[in-house]
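Trainee: Turn this into a model:
(2 chains)
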Amino acid sequence: MSVGQRSTRQITLLGKSWRANSACRNCQEALQVSPKSQAISRQYSAAAAAAVEQPAIIDLAVHPVHPVTQPSNLYKLASSVVLSRPPVLTRDIPDFENAYYFYQRRLNERLALPFTRYFYFKKKSIAEAEYKKRQAQITDKYNPYKEGWKDELMVGDYRWKKEDFGYQEFMKTTVSGDEISETLEGDVAGEVKKSVNRPMPRTTDADLKNDTKSLNRKLSRTLYLLVKKPRKGHAWKFPQADLIGQENLKEAAMRALEESCGVNMNTWFVGNVPIGHYCYRFPSRGFTPTGDEANYLGKKVFFMKARIMAGQASLENSKRGLKDFQWLTREETEQITTQDYWHAIKDLLVAQ
Amino acid sequence: MVAGGRGAGVGAGAGPLTFVRGMAKKKGGRVQDRRVRMIRYSLNHPLTPRPLKFGTMRMLRHWTIHRAWLLYQRKLRTARELELERQWNSMREACEELARVDQRLYRIATSKKETGYFPIELRIPTDTPPREGWNHGWVRPHQKA
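Mentor: Now for the predicted structure:
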């Protein structure tokens, strides 16, 4: 994975591929050039010396290069796209964490100085009147001076947890200048009142219906796009395409996504590096090879990472005859995929 | 140090010190800024909470909560690190496999050319969802016409 440096392994692999793919053994031996001529081709400083000594010229008529006919790869290569919708919401906070934060909040309330009204509101001002009025409306406010130190959160007590993130309480108790704005002209007053909107709930309709096609579901989790092939086993997979010609992995992954789920998705492919791979052999029985698959033992699939920012998958113009698609979390993916496929992809899917 | 050094040192430097008592300056008492008075009042509020004094069991409970929190944090951190490690290993194995299979593809995959720019459309997670929800109707721009 190191990019800048050429490792020894890489260089030896280069040598191997040269030996394995390009020429037969005889031709290789013929093409083995002397160390001196190698130095000529690499170093300019050695050019003067090379002018004196004639480099060994290989006569290709005497030693024709025979290409190796056997395919270099026994496995067909494919690229697959792991398209994910990153979490829209922050993570759901577990009960233990909430209880701890509650304890700390009550500890702070116990130690903090009380609110000094006259420091913030001038006496006999409209704002002070509004503050007094709003404070009088609060019924369930915790007062450590009267009630003592109540720092324990009972099991199953969710009164402190507000569905609307404390919006109503905030609107009820905060001095917003509404009383002042009432004296203003109609339009201006309306704008002032609209300035704070009620926040949207974290649970959406898609969550309630468990609509796995919707991208509004499970907003605090990462969702992955899986497509269904028209077959019985190994049906649910990430969109996948075989490499064609001189395509690289990223290009093939982009093509796989466009061909299977349409173009109306705003996506971003994260880098050129594959994030995982999956090797399998074609079954010996009950397998009808299509195209040139008969020449290969099996397939090697490389997964490329991508993120969706807008849009939705569509199978309308799908060139791959896909039956269905779903946006699933990690756990749901495990339930729907086969065991060996899950084993290959489980390390690339994030927990949240 | 010189004995009585304070007076001597000051006198040598910036001239003689004048000590004027605040109360003696005006007859009507101290004239103080109203804001300063309010700050003083809020700092010495009549309802200033007593300092915390934990009993043995109370202290033990506080300590237990603290330890549990540290343990919880450590578990979270470890899980996160392990997850990253798994992802990295998976990536490395894929690259090794790619190098074994096809050198050209490996070279393209690990080259840092044409990695693209970070998209500005990506948003960070928030506590509450956006008002309009997910934009399902997005269409690729050049296909609008």
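Trainee: Now for the residue nearest the centre of chain A: which residues touch it?
Mentor: Chain A has A:Ser84 as the residue nearest its centroid, 4.5 Å off, counting by Cα atoms, centre = their mean. By Cβ atoms under 8 Å, 6 or more residues apart in numbering or on different chains, A:Ser84 lies in contact with A:222-225, A:305-308. Placement of C-beta: from N, CA and C, glycine included.
Trainee: again, only using 7 Å
Mentor: Contacts were defined as Cβ atoms under 7 Å, 6 or more residues apart in numbering or on different chains; by that measure A:Ser84 touches A:222-224, A:307.
Trainee: In contact with the residue of the stretch 1-150 of chain A found nearest chain B, which residues?
Mentor: Closest contact between the stretch 1-150 of chain A and chain B, by Cβ to the nearest Cβ, is at A:Thr116 (3.6 Å). Residues in contact with A:Thr116 (Cβ under 7 Å, 6+ apart) are B:38, B:41-42, B:45.
Trainee: do A:Asn108 as well
Mentor: Contacts of A:Asn108 (Cβ under 7 Å, 6+ apart): none.
Trainee: so it is in which element?
Mentor: helix A:95-111 (DSSP states H and E).
Trainee: Check which element follows that helix along the chain.
Mentor: helix A:117-120.
Trainee: one step back: are any of the contacts of A:Thr116 buried, and which?
Mentor: B:Ser42 (16 or more other Cβ atoms under 10 Å in any protein chain shown).
Trainee: Need the contact partners of stretch A:225-242.
Mentor: Residues contacting stretch A:225-242 (Cβ under 7 Å, 6+ apart): A:76, A:78-83, A:252, A:255-257, A:259-261, A:301, A:303, A:313, A:321-328, A:333, A:336-338, A:341.
Trainee: circling back to that earlier point, keep only those of the contacts of A:Ser84 that are also close to chain B.
Mentor: A:Arg307 (Cβ under 7 Å from any Cβ of the partner chain).
Trainee: In strands, which of the contacts of A:Ser84 fall?
Mentor: A:223-224, A:307 (DSSP state E).
Trainee: Can I get those residues in CSV including distance to B:Leu76, neighbour count and pLDDT?
Mentor: Formatted as CSV, the ones in strands among the contacts of A:Ser84 follow (distance: Cβ to Cβ, whole Å; neighbours: other Cβ atoms under 10 Å in any protein chain shown; pLDDT from 0 to 100):
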residue, distance to B:Leu76, neighbour count, pLDDT
A:Leu223, 22, 25, 96
A:Tyr224, 23, 21, 97
A:Arg307, 24, 18, 96
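Trainee: Backbone dihedrals for A:Thr267, please?
Mentor: Torsion angles at A:Thr267 (phi, psi; degrees, to the nearest 10) stand at phi -120, psi 160.
Trainee: pLDDT wise, what is it at?
Mentor: You'll see A:Thr267 listed with a pLDDT of 94.
Trainee: Spit out the contact partners of it.
Mentor: A:83, A:257, A:306-308.
Trainee: tell me the two of those that are most distant?
Mentor: Using Cβ to Cβ, the two most remote members of the contacts of A:Thr267 are A:Leu257 and A:Arg307, lying 11.8 Å apart.
Trainee: Which ones among the contacts of stretch A:225-242 map onto helices?
Mentor: A:252, A:255-257, A:259-261, A:333, A:336, A:341 (DSSP state H).
Trainee: A:Tyr142: which of those is nearest?
Mentor: Lowest distance from A:Tyr142 to these (Cβ to Cβ) belongs to A:Thr333, with 44.0 Å.
Trainee: Would you check how far apart the closest one and A:Leu225 are?
Mentor: According to Cβ to Cβ, to the nearest Å, A:Thr333 stands 10 Å off from A:Leu225.
Trainee: of those two, who's got more company?
Mentor: The neighbour count for A:Thr333 versus A:Leu225, taken as other Cβ atoms under 10 Å in any protein chain shown, is higher for A:Leu225 (25 against 20).
Trainee: Could you report the distance from the more buried one to A:Thr212?
Mentor: For A:Leu225, the distance to A:Thr212 - Cβ to Cβ - is 11 Å.
Trainee: shared neighbours, these two?
Mentor: A:Trp327.
Trainee: so what's A:Lys162 up against?
Mentor: A:Glu169.
Trainee: Does it belong to a helix, a strand or coil?
Mentor: coil (DSSP: H, G, I helix; E, B strand; the rest coil).
Trainee: ok, it to A:Ile336 distance?
Mentor: A:Lys162 is 36 Å from A:Ile336, by Cβ to Cβ.
Trainee: likewise A:Leu225?
Mentor: Counting by Cβ to Cβ, the gap from A:Leu225 to A:Ile336 is 12 Å.
Trainee: Least confident secondary structure element in chain A?
Mentor: Ranking every helix and strand in chain A by mean pLDDT, DSSP states H and E puts helix A:35-42 at the bottom, with a mean of 40.
Trainee: right, I mislabeled it, should have said chain B
Mentor: Per mean pLDDT, DSSP H and E, bottom of the list for chain B is helix B:5-14, a mean of 40.
Trainee: My guess is A:Ser214 contacts A:Asp207. True?
Mentor: No - contact criterion Cβ atoms under 7 Å: A:Ser214 and A:Asp207 do not qualify, at 8.9 Å.
Trainee: Low-confidence regions, the chain specifically.
Mentor: You didn't pick a chain, so chain A it is. A:1-72, A:159, A:178-195 (pLDDT under 70).
Trainee: Switch to chain B, please.
Mentor: In chain B, residues with pLDDT under 70: B:1-30, B:143-145.
Trainee: before we move on, back to that, ok, the contacts of A:Ser84 vs chain B, which is closest?
Mentor: Using Cβ to the nearest Cβ, the contacts of A:Ser84 come closest to chain B at A:Arg307, 6.8 Å.
Trainee: Quick check: closest non-adjacent residue to that closest one.
Mentor: Residue nearest to A:Arg307 in three dimensions, not counting chain neighbours: A:Trp268, with 5.0 Å by Cβ to Cβ, 6 or more residues apart in numbering or on different chains.
Trainee: Just list the residues touching the one you found, thanks.
Mentor: A:306-307, A:309, B:119.
Trainee: helix or strand for it, which one?
Mentor: strand A:265-269.
Trainee: thought A:Met80 was touching A:Lys305?
Mentor: One thing to correct before we go on: residue A:80 is Ser, not Met. No - in this structure A:Ser80 lies outside contact range of A:Lys305 using Cβ under 7 Å: 10.5 Å.
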